[in-house]
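Student: Test case, fold it:
(one chain, ligands or ions: 1)
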Amino acid sequence: MMTDSSPSSYPVDALNRLKRRAERGHYDHETVHGLLDAAALAHVSYIVEGWPVCTPTLFWREGSRLYWHGSNSSRMLRNLSAGEPACLTVTHFDSLVLARCGFNHSADYRSVMAFGHAKLVDEPAEKRQALRMMVDRLFPNRTAGLRQSTEQEINATTVLAMDIERVSAKVRAKGVVDDEEDYALPVYAERIPLTLVCGAPEPCARLLPGVSRPIGLEQYREGLPLERAVLAAHRAAYGD
Ligand SMILES: Cc1cc2nc3c(=O)[nH]c(=O)nc-3n(C[C@H](O)[C@H](O)[C@H](O)COP(=O)(O)OP(=O)(O)OC[C@H]3O[C@@H](n4cnc5c(N)ncnc54)[C@H](O)[C@@H]3O)c2cc1C
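Tutor: Residues are numbered from 1 along each chain as shown. As a prediction, this is how the structure comes out:
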């Protein structure tokens with residue numbers, strides 16, 4: 001296995017080294033962690049009885065460990081808790097790119113593929129802490145003001161952890177790139193930027209009188225980019 005020259009990078013081998021567009025690859029902690037922490041949604045892929053399955057789920061990172069959770073009856077969680085190999089992917093979809101020929105149509109993006117073996121988190125204190133962070137990594141310190149989870153709720157929930165064994169980030173941020181001779185064509189081309197933004201919050205219709213939106217949720221305001229809110233929340237929750 002080769003390692004990147006920097007100690008703050010993940011190891012690189014045949015599994016995670018980019019072959020196509022290798023110059024778009026990043027393996028350093030800063031890039032990989034930044035992209036993971038700016039996302040709440042991931043897709044987890046694994047094989048069930050010979051079929052590839054790809055499940056969208058909320059997730060979060062602690063150091064080089066990724067966590068996600070779900071109901072005990074989830075097929076994804078039942079399969080992965082046996083230590084199956086898995087790949088967790090995150091995508092930030094930044095633009096659609098319209099070029100002067102079909103071949104050069106593209107997209108700008110920042111994505112991460114993390115490989116490892118998912119394991120059940122069954123040690124009670126670690127499981128409780130993980131379930132707390134599932135909420136607090138998005139809304140720092142929110143669990144402190146919530147009704148405590150019951151043993152029954154905790155027992156009905158499966159938490160998985162996956163140490164990142166290999167990982168790659170791939171970034172395209174170029175907009176329109178055409179073949180030199182095609183710039184002479186009378187064909188319209190453009191980049192359409194894309195951003196996932198928060199909508200206007202919709203308070204629960206059954207709030208008790210006097211219960212108002214707590215401070216600390218300002219980042220989740222109409223029109224603000226979700227990834228900025230999620231990244232700021234992660235940094236506030238973990239202090240990094
Ligand atoms: C929003 C979006 C749209 C895309 N649209 C297209 C498209 O239309 N056509 C197209 O060919 N490609 C597209 N890509 C790129 C695509 O994800 C793959 O990178 C590409 O198809 C090469 O796949 P491969 O398995 O041949 O790569 P290889 O370079 O052979 O993969 C080797 C290793 O590189 C790493 N790697 C590869 N791709 C990624 C990635 N995206 N993110 C992180 N690590 C990666 C993984 O560790 C992988 O195991 C898109 C990506 C995104 C995020």
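
Student: Every contact and neighbour count from this point should use C-alpha atoms.
Tutor: OK.

Student: could you pull out the strands for this protein?
Tutor: Secondary structure of the chain (DSSP state E): strands located at 2-3, 11-12, 25-26, 41-48, 51-58, 60-62, 65-71, 82-98, 106-120, 157-163, 166-172, 190-193.

Student: Show me what the mean pLDDT comes to for the fourth one.
Tutor: Read that as strand 41-48. Taken as a whole, strand 41-48 has a mean pLDDT of 94.

Student: Is the ligand within reach of it?
Tutor: No. Strand 41-48 stays out of contact with the ligand when judged by Cα under 6 Å from any ligand atom, the minimum separation being 12.1 Å.

Student: Name the strands paired with that strand and say parallel or antiparallel.
Tutor: In the sheet containing strand 41-48, its partner strands are strand 51-58 (antiparallel), strand 82-98 (antiparallel), by DSSP bridges.

Student: any chance of the strands of the chain in CSV, plus mean neighbour count?
Tutor: Output for these, formatted as CSV (neighbours: other Cα atoms under 10 Å):
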stretch, mean neighbour count
strand 2-3, 11
strand 11-12, 20
strand 25-26, 20
strand 41-48, 18
strand 51-58, 13
strand 60-62, 21
strand 65-71, 19
strand 82-98, 19
strand 106-120, 21
strand 157-163, 22
strand 166-172, 22
strand 190-193, 15
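
Student: follow-up on the earlier one: what's the closest of the strands paired with strand 41-48 to the ligand?
Tutor: strand 82-98 (4.8 Å; Cα to the nearest ligand atom).

Student: nearest to Phe139, of the strands of the chain?
Tutor: Of all the strands of the chain, it is strand 60-62 that lies closest to Phe139, at 12.3 Å by Cα to Cα.

Student: what pairs with Arg65 across the strands?
Tutor: Glu62, Asp163.

Student: That one contacts Ala161, correct?
Tutor: Yes. Arg65 is in contact with Ala161 according to Cα atoms under 8 Å; the separation is 6.5 Å.

Student: Which pLDDT value goes with Pro140?
Tutor: 94.

Student: could you list every residue that touches the nearest residue to it once chain neighbours are set aside?
Tutor: Excluding the flanking residues, the one nearest Pro140 by Cα to Cα, 6 or more residues apart in numbering is Ala237, at 5.2 Å. Contact analysis of Ala237 by Cα atoms under 8 Å, 6 or more residues apart in numbering lists 136-137, 140-141.

Student: just Ser111 next, same as before
Tutor: Ser111 neighbours (Cα under 8 Å, 6+ apart): 35, 89-92, 169-171.

Student: how much space between it and Ser168?
Tutor: Applying Cα to Cα, to the nearest Å, the value for Ser111 to Ser168 is 8 Å.

Student: What residues does this protein have near the ligand?
Tutor: Residues of the chain lying near the ligand by Cα under 6 Å from any ligand atom: 15-20, 91, 93, 107, 109, 111-113, 167-170.
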